[in-house]
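>>> next input, structure requested:
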Amino acid sequence: MGNQTSRAIDRKRESRRIRRRSTVTLGAQSHTSQGNYNWIDENTATSLSANGINAALAAAAQQQPSAHPNQQVVPPQPRRKSITEFFTKRKLSFSRPTEEDYREYDRLQRQHYLLKSARKSNSWVPMESSADKTFVDVGTGNGIWALEMASQHAQAQVLGLDIRLPPEQNLASMKNLRFIRTDIHERWPMSDAAVDLIFQRNMANHIKKEQWKTLLEEMYRVLKPGGSIELLELDPCHHNPGPVQKTFEEFSRTHWEELELDYDFSNAIKGYLEQVGFEVIEQRQLDIPIGEWPEESELKQFGFINKETQKAYLRNRKQELINKWGIPTEDYDLAVQEIMEEFEEYHGFSRFTCWMAKKPL
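From the prediction side, this is the model:
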């Protein structure tokens, strides 16, 4: 990996000495894929200012359900410098995360608000009423989706499932929110036909190829007739990669195969859903630029945030990838720098695919 990455960087530098150009100038000869950004027209009311993410994080940190008449109201805490500090100030409900865990929580938090802003919602599944409904968040991670859904739908019950509990002790104070430590690939601790909505996001790199159908069958079991599932998954590859990014992704594909994960899962999900018995209602794609190359102002803001999450991902996995691929630290740092530049130069973007399906009545 080290030699191949170095060669990719050297080839790229030589190409730059000859002629440096962006995909804007490549015209009809461009290798560039065109992302689908039609969704931006539906989101004209959404705007992230320079401090928009911090404001959103602060609002979520202070958000609490309506107080019971006899319940003491706790005044909101002053805004902290970052969501990482927000997590570190609390007692942990399972085991103490490492510093690397905190950095990953921070990245996932930012990605959550990016997706929420782009989608203008935490869920695309239509809901006429959430009264007496039960929602399940599969692979809840830091619990932010479940927390916000519990706050927005006070009459619903929200369950977060994960092999590790979120790091916030105070979430237990929300009467309609519960986190359950469980392996999602085993039988879930709930009866048949008990759930109205199941949400899953960014879990493809935790699901082996042969586990997809079994997992969907478990979702089908616990769903009520007429209940819905919503899967939102990120393509493991970046679209419009540059030469250094391509080298990284070749090894990423190999890594997925070694772990028996399905690198091409996005082409198989719809078939799995139909085999299990779901009625597939809709499949949508959400392309989000990486970098500030778009001309449209809101896409530029989304691209800036997405690029920061990409950089954080590579930074958080640095030691793991250095050890696995045998790449020197200085080469890895240089490769990350080159990848960040390639996102801008080649107009890179991330593609999220959302599947919405129902259990027949």
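
>>> what are the ranges of the helices in the stretch 201-350 of the chain?
For the stretch 201-350 of the chain, the helices defined by DSSP state H, counting those that start in this stretch occupy 212-222, 243-258, 269-276, 297-316, 318-325, 329-345.

>>> buried residues, stretch 203-221. List them.
For stretch 203-221, a neighbour-count test (16 or more other Cβ atoms under 10 Å) marks 203-205, 207, 209, 212, 215-216, 218-221 as buried. In short, each C-beta sits where N, CA and C put it, glycine included.

>>> pretty sure residue 263 contacts residue 251?
No. Counting by Cβ atoms under 8 Å, no contact exists between residue 263 and residue 251, whose distance comes to 11.9 Å.

>>> could you report the neighbour count for residue 186?
When neighbours are defined as other Cβ atoms under 10 Å, residue 186 has 10 of them.

>>> ok but it is inside a helix, no?
No. Under DSSP: H, G, I helix; E, B strand; the rest coil, residue 186 falls outside any helix and is assigned coil.

>>> any idea how far it lies from residue 272?
19 Å (Cβ to Cβ, to the nearest Å).

>>> any idea how far residue 129 lies from residue 159?
Per Cβ to Cβ, residue 129 is found 19 Å from residue 159.

>>> of those two, which one has the most company?
Using other Cβ under 10 Å, the more surrounded residue of residue 129 and residue 159 is residue 159, with 24 against 9.

>>> and the residue most central in space within the chain, its phi and psi?
By Cα atoms, centre = their mean, the mean C-alpha position of the chain lies nearest to residue 202, the distance being 4.7 Å. Per-residue torsions, residue 202: phi 50, psi 50 (degrees, to the nearest 10).

>>> got the contact list for it?
Neighbouring residues of residue 202 by Cβ atoms under 8 Å, 6 or more residues apart in numbering: 108, 111, 139, 232-234.

>>> likewise for residue 257?
Contacts of residue 257 by Cβ under 8 Å, 6+ apart are residue 263.

>>> check residue 259 too.
Residue 259 neighbours (Cβ under 8 Å, 6+ apart): residue 208.

>>> just to revisit the earlier point, which one of the helices of the stretch 201-350 of the chain lies nearest to residue 34?
helix 297-316 (13.3 Å; Cβ to Cβ).

>>> show me what the closest one is packed against.
Secondary-structure packing of helix 297-316 (3 or more Cβ pairs under 8 Å, 6 or more residues apart in numbering; DSSP states H and E): helix 99-119, strand 279-289, helix 329-345.

>>> export the ones you listed to TSV and tack on distance to residue 306?
Formatted as TSV, the helices and strands packed on helix 297-316 follow (distance: least, Cβ to Cβ, whole Å):
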stretch	distance to residue 306
helix 99-119	6
strand 279-289	5
helix 329-345	9
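
>>> so which of the ones you listed is the most packed in?
Comparing the helices and strands packed on helix 297-316 by mean neighbour count (mean count of other Cβ atoms under 10 Å), helix 99-119 ranks first with a mean of 20.

>>> so what pLDDT did residue 130 get?
Residue 130 is assigned 85 on the pLDDT scale.

>>> now swap in residue 245 and tell me
We have a pLDDT of 92 for residue 245.

>>> can you give me the neighbour number for it?
With other Cβ under 10 Å as criterion, residue 245 counts 24.

>>> residue 179 too?
Neighbour number of residue 179 under other Cβ under 10 Å is 23.

>>> ok so it is a helix residue?
No. Residue 179 is assigned strand when assessed by three-state DSSP, not a helix.

>>> that one against residue 145, yeah?
No. Under the criterion of Cβ under 8 Å, residue 179 makes no contact with residue 145, lying 11.9 Å away.

>>> and for residue 314, the neighbour number?
With other Cβ under 10 Å as criterion, residue 314 counts 16.

>>> give me the nearest residue to it, chain neighbours excluded.
In space, and not counting its chain neighbours, residue 314 is closest to residue 336: 4.9 Å by Cβ to Cβ, 6 or more residues apart in numbering.

>>> ok, now which ones touch the one you found?
311, 314-315.

>>> about what we covered before: between the helices of the stretch 201-350 of the chain, which one is nearest to residue 99?
Nearest of those (Cβ to Cβ): helix 297-316, 10.1 Å.

>>> may I see the buried residues of the closest one?
298-299, 301-314, 316.

>>> now stretch 354-361: how far from the chain's centre is it?
Stretch 354-361 has its C-alpha centroid displaced from the chain centroid by 21 Å (Cα atoms, centre = their mean, to the nearest Å).

>>> sorry, that was for stretch 253-272
Using Cα atoms, centre = their mean, the offset of stretch 253-272 from its chain centre is 17 Å.

>>> flag every buried residue along it.
255-256, 261-263, 265-266, 269, 272.

>>> tell me the one of those nearest residue 165?
Among the buried residues of stretch 253-272, and counting by Cβ to Cβ, the member closest to residue 165 is residue 261, at 24.3 Å.
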